[in-house]
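Asker: here are the coordinates; sequence isn't available:
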């Protein structure tokens, strides 16, 4: 039986403790997602699937210089709470969990940590984590990103509706590419597509900055922004390639710090 090449392990949890100690110079990537409604056709784990896929793809490209931490499959999702299947952490708890993970690793000798979030609702909390760590661990190289912001060129080529986003064209295309068996294609349905369909507060929420929050049942009965029926897995592959390429370039820069 051939002995596996343990130098090619990318998942941090599969390392032994001595192996982990030898790789303190590596970049650690923490994928965070959410467990929440994504319309009638996408899985509850959509944001986690995307974050984990991107994290693992970046680690593979960095060939032993990055490892993917076990992910956090719950996020800050109060705006989806009225839909079945949604489980939301409070912002404070999410901040505490992520901060604790990062501080433990930083104090154990890892200097570079990148959080990849598949859920936009985690962004404000991750910003707080970043500022807190800057105060308490100024020498730690900590960065975070939202998956959805990393493919502006590919996303711009999608046939998106005037109102698009959650469970819409881009997310659906990505999940079709990552885990097609997890998508109930026969149940994919459009949600709100135009600003005229929104009430006054919901319309205001689409103008940023400033920022104002709206629960998703006030957007559409199915919680969808856009039309997920118009995209393909091939389009998702193009989006994911741009995301992984951009993030790998950023990770390379972090490793040079």
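Answerer: Arrived safely, thanks for sending. The shown structure was predicted, so the numbers you read here are calculated from the model rather than taken from an experiment.
Asker: what comes up buried for stretch 146-164?
Answerer: Neighbour counts using 16 or more other Cβ atoms under 10 Å place 146, 147, 148, 150, 151, 154, 155, 158, 160, 161, 163, 164 of stretch 146-164 among the buried residues. The C-beta positions use only the backbone N, C-alpha and C, and glycine is treated the same way.
Asker: now stretch 55-74
Answerer: 55-59, 61-62, 66-69, 71-74.
Asker: narrow the buried residues of stretch 146-164 to those in strands?
Answerer: Among these, DSSP state E puts residue 146 in strands.
Asker: from the buried residues of stretch 146-164, which is closest to residue 39?
Answerer: Closest approach to residue 39 among the buried residues of stretch 146-164 (Cβ to Cβ): residue 164, at 12.6 Å.
Asker: run a quick neighbour tally on the nearest residue to that closest one once chain neighbours are set aside.
Answerer: Distances taken as Cβ to Cβ, 6 or more residues apart in numbering put residue 226 closest to residue 164, at 3.5 Å, once the chain neighbours are dropped. Residue 226 has 28 neighbours, counted by other Cβ atoms under 10 Å.
Asker: pretty sure residue 226 is touching residue 197, no?
Answerer: No. The pair residue 226 / residue 197 is not scored as a contact, 11.7 Å apart, by Cβ atoms under 8 Å.
Asker: between those two, what contacts are shared?
Answerer: Applying Cβ atoms under 8 Å, 6 or more residues apart in numbering, one finds that residue 226 and residue 197 are jointly contacted by residue 163.
Asker: for the protein, which segments count as helices?
Answerer: 17-22, 46-61, 91-107, 123-136, 152-156, 169-178, 200-205, 233-255 (DSSP state H).
Asker: show me what the fourth one is packed up against.
Answerer: When contacts are defined as 3 or more Cβ pairs under 8 Å, 6 or more residues apart in numbering; DSSP states H and E, helix 123-136 packs onto helix 91-107, strand 112-117, strand 141-146.
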